[in-house]
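A.B. asks: what shape does this take:
(2 chains)
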Amino acid sequence: MAALYVEDLLARAEEREAETRRSVAVHKELELEFDAGNLLAVDRNPVGRAVVAREALLRTLARDNTQLLVGQLWGLPSERAEGGAGPVVAKLPEPSTRLPREKPLPKARPLTRWEQFARLKGIRPTRKKRGTLVWDEAAKEWRRRWGYRRAGPNPSRDWLLEVPEGADPLEDQFARRRREKRERVARNELSRLRNLARAHRGAAANELHPTGRQDRAELGRVSAVARLSTASRGRFQPRLPKEPPAPKSAGPGGRKRRFGPVLGDLEGEKKRQLELARSLSAKKPPLDLTRAVNKQLRQDEAEAAAAAKGKKRGQRGKRARRQQRRPGGKKSGGAARRGSQGSSGSVGGKRKKK
Amino acid sequence: MRPLTEEETRALFEKLARYVGENLQLLVDRPDGAYCFRLHKDRVYYLSERILKLATNIPRENLVALGTCFGKFTKTQKFRLHITALDYLAPYAKYKVWVKPGAEQSFLYGNHILKSGLGRITESTAQYQGVVVYSMADVPLGFGVAAKSTQECRKVDPMAIVVFHQADIGEYIRHEETLT
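C.D. replies: Have a look, this model is predicted:
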């Protein structure tokens, strides 16, 4: 009786142990592929087909795979954060799976005006791009090439300046140097802003600065914007006397191409086409030189032939007269009947020689 | 199907006027009813108003052809005449060429007309003038371009080309699948 009791207890304990082990140990047909750097596990085992308890199946699958992944993480080298007092932190290896970029590639910086010009003219930089840091021999450290705390002697700290040859001896050279530097800075700032504005060309309205001088193209763009800024979007805006016509391309000023209706105004269409046909026939040059010369040649030939025939007629009499009648009788088939312009002559040449 | 734009009409009329001259107006303004030109799938069709109204009931994709095809616009917007336009060009043609019976077959096979095959030619035909080609029995066979003016035709040797071939009624058989 007691033996049976012990066996029962043992079996129950074993069962409990198996239960806890089952939650940690997961058996898989195919090993999972891990990428600990991305905290990624790939399960290539086929998913069982459960129609009824599908949700439960997926849940257990996810739990088992997460268990495997966490088991992998525990195998990584780890340490305690905050000098041994904090939580356990694992050192992740480099990720092995290449993920696609989240953001698009950055756009290339638009060229500055000088860079554009240099490319157009094929000017190459004579030296390689210089680094910003240079070794300062006097200070024995690396310093910037220019700007605050630059390398080399600081020109603004000079206590003595040479008066250049040909310069006004009374002129303050220090003041002049300060002024020139101020001008240089201002000019650089202006060209920087210009390059920036050129890079963002779309906003034409921003170009309308009241005091600055604007070039032709700028003014044209601004006036095109102003033209459309009426209540009717520029539809009734008259054009200025010497203003070029609006560009045909579709854009802010362009118009969409429209075709006429299939069954629209047939009478109007006919009228327009008739006008076009008339203008086409009226466009002919008033004197076609080759045609005129040909006509003259032809006339001369005919006259010469008539004169020759008139001479011959007296000699030959009856036969010649019959021959003269013949071309009209037999040959004037289609052309004459169809009312075509101009007479149609034989080109065979045989008959002409007679 | 749509009406032609201004540029398309101009291209079409300039091509037609080479063959029919000012008779083109007779094609546009006809006494026997309203006729018009319509563009469908890059082809220009000449049709009466009645057929036009009937054709509007057919969806664009299902419409193969309507009226008489005059020619087509190339991808570079040039106009090419088709042989199907011959029925309308022949009655109004200003310049004509008649081909001898022996040379008819050669022309109908797509060859140029040689001087030896030339039966008659309209007087005062200029060089490169569009001409309609007839058989000696006055059956229109096709059209082409005069390679030589009438004056020059008299002097050239028999094997010289007189009319360049453009289209002939043999195409009804040779190009049966593309003629619509």
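A.B. asks: can you tell me the residue of the stretch 1-150 of chain A closest to chain B?
C.D. replies: Chain B sits closest to A:Leu120 of the stretch 1-150 of chain A, with a gap of 32.2 Å, by C-beta to the nearest C-beta. (C-beta placed from N, C-alpha, C; glycine too.)
A.B. asks: contacts only, for A:Pro153.
C.D. replies: By C-beta atoms under 8 Å, 6 or more residues apart in numbering or on different chains, the contact list for A:Pro153 reads A:Ala138.
A.B. asks: ok, now with 10 Å
C.D. replies: With contacts defined as C-beta atoms under 10 Å, 6 or more residues apart in numbering or on different chains, the neighbours of A:Pro153 are A:Asp136, A:Ala138.
A.B. asks: restrict the strand or helix carrying the residue of the stretch 1-150 of chain A closest to chain B to CA atoms and write it as PDB.
C.D. replies: A:Leu120 is part of helix A:113-121, with elements assigned from DSSP states H and E. Only the C-alpha atoms of helix A:113-121 are listed here, as PDB (Å, rounded to 0.1, in the frame of the first residue of the first chain):
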ATOM      1  CA  ARG A 113      28.000  78.800 -59.600                       C
ATOM      2  CA  TRP A 114      31.800  78.500 -59.700                       C
ATOM      3  CA  GLU A 115      31.600  74.700 -59.800                       C
ATOM      4  CA  GLN A 116      29.200  74.900 -62.700                       C
ATOM      5  CA  PHE A 117      31.400  77.300 -64.600                       C
ATOM      6  CA  ALA A 118      34.500  75.200 -63.900                       C
ATOM      7  CA  ARG A 119      32.700  72.100 -65.200                       C
ATOM      8  CA  LEU A 120      31.500  74.000 -68.300                       C
ATOM      9  CA  LYS A 121      35.000  75.200 -69.100                       C
END
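A.B. asks: for the residue nearest in space to the middle of chain A, which three-state class applies?
C.D. replies: Nearest to the geometric centre of chain A sits A:Lys107, at 12.4 Å (C-alpha atoms, centre = their mean). Here A:Lys107 is recorded as coil under DSSP: H, G, I helix; E, B strand; the rest coil.
A.B. asks: the longest helix anywhere in chain B: what's the following helix or strand?
C.D. replies: For chain B, the longest helix by residue count, based on DSSP state H, is helix B:6-20. As assigned by DSSP H and E, the chain's next helix or strand after helix B:6-20 is helix B:24-28.
A.B. asks: by contact count, what packs against the helix or strand that the helix holding A:Leu120 is followed by?
C.D. replies: Where DSSP H and E defines the elements, the next helix or strand beyond helix A:113-121 is strand A:133-136. The helices and strands touching strand A:133-136, judged by 3 or more C-beta pairs under 10 Å, 6 or more residues apart in numbering or on different chains; DSSP states H and E, are strand A:141-144.
A.B. asks: tell me what angle the helix or strand that comes right after the strand it packs on forms with helix A:113-121.
C.D. replies: Downstream of strand A:141-144, the first helix or strand assigned by DSSP H and E is helix A:173-199. Interaxial angle of helix A:173-199 relative to helix A:113-121 (axes from the mean of the first three to the mean of the last three C-alpha atoms, to 10 degrees): 70 degrees.
A.B. asks: can you give me the offset of helix A:173-199 from its chain's centre?
C.D. replies: Here helix A:173-199 is found 34 Å from its chain centre; the criterion is C-alpha atoms, centre = their mean, to the nearest Å.
A.B. asks: for the helix or strand following that helix, give the mean pLDDT please.
C.D. replies: Remark: after helix A:173-199, the chain's next helix or strand is helix A:216-227, criterion DSSP H and E. Helix A:216-227 comes out with an average pLDDT of 80.
A.B. asks: ok, now stretch B:156-163?
C.D. replies: 91.
A.B. asks: which parts of chain B are strands?
C.D. replies: Remark: strands assigned in chain B by DSSP state E are B:2-3, B:35-40, B:43-48, B:68-73, B:79-81, B:96-99, B:113-114, B:118-122, B:130-135, B:140-146, B:161-168.
A.B. asks: low pLDDT regions in the stretch 1-150 of chain A?
C.D. replies: A:1-3, A:127 (pLDDT under 70).
A.B. asks: contacting residues for B:Cys69?
C.D. replies: Going by C-beta under 10 Å, 6+ apart, the list of residues near B:Cys69 reads B:40, B:43-47, B:81-85, B:179-180.
A.B. asks: ok, 6 Å please
C.D. replies: B:Arg43, B:Tyr45, B:His82, B:Thr84, B:Thr180 (C-beta atoms under 6 Å, 6 or more residues apart in numbering or on different chains).
A.B. asks: got the residues you listed as JSON lines, with neighbour count and pLDDT columns?
C.D. replies: Shown next, in JSON lines, are those (neighbours: other C-beta atoms under 10 Å in any protein chain shown; pLDDT from 0 to 100):
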{"residue": "B:Arg43", "neighbour count": "18", "pLDDT": "93"}
{"residue": "B:Tyr45", "neighbour count": "23", "pLDDT": "94"}
{"residue": "B:His82", "neighbour count": "19", "pLDDT": "92"}
{"residue": "B:Thr84", "neighbour count": "22", "pLDDT": "92"}
{"residue": "B:Thr180", "neighbour count": "14", "pLDDT": "77"}
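A.B. asks: quickly note the distance from B:Gly71 to chain A.
C.D. replies: According to C-beta to the nearest C-beta, to the nearest Å, B:Gly71 stands 16 Å off from chain A.
A.B. asks: partner residues bridging that residue?
C.D. replies: Residues in a beta bridge with B:Gly71, per DSSP bridges, are B:Val44, B:Leu81.
A.B. asks: wait, isn't it in contact with B:Ile83?
C.D. replies: No. At 9.4 Å, B:Gly71 does not count as touching B:Ile83 under the criterion of C-beta atoms under 6 Å.
A.B. asks: next, the contact list for the residue nearest to the centre of chain A, please.
C.D. replies: Applying C-beta under 6 Å, 6+ apart, no residues contact A:Lys107.
A.B. asks: can you report how many residues lie near residue 77?
C.D. replies: All of this refers to chain A. When neighbours are defined as other C-beta atoms under 10 Å in any protein chain shown, A:Pro77 has 8 of them.
A.B. asks: wrong one, chain B
C.D. replies: There are 10 residues near B:Gln77, going by other C-beta under 10 Å.
A.B. asks: what about the host helix or strand of A:Glu7, distance to the chain center?
C.D. replies: Here A:Glu7 sits within helix A:2-24, counting by DSSP H and E. How far helix A:2-24 lies from its chain's middle: 74 Å, per C-alpha atoms, centre = their mean.
A.B. asks: who's in contact with residue 180?
C.D. replies: With no chain named, the answer covers chain A. A:Glu180 touches nothing, counting by C-beta under 6 Å, 6+ apart.
A.B. asks: try again with chain B
C.D. replies: B:Ala65, B:Cys69.
A.B. asks: give me the buried positions along the worst-scoring helix or strand of chain B on mean pLDDT.
C.D. replies: Using mean pLDDT, DSSP states H and E, the weakest-scoring helix or strand in chain B turns out to be helix B:150-155, at a mean of 86. Neighbour-count burial for helix B:150-155, with 16 or more other C-beta atoms under 10 Å in any protein chain shown as criterion, is recorded at B:Thr150, B:Gln151, B:Glu152, B:Cys153, B:Arg154.
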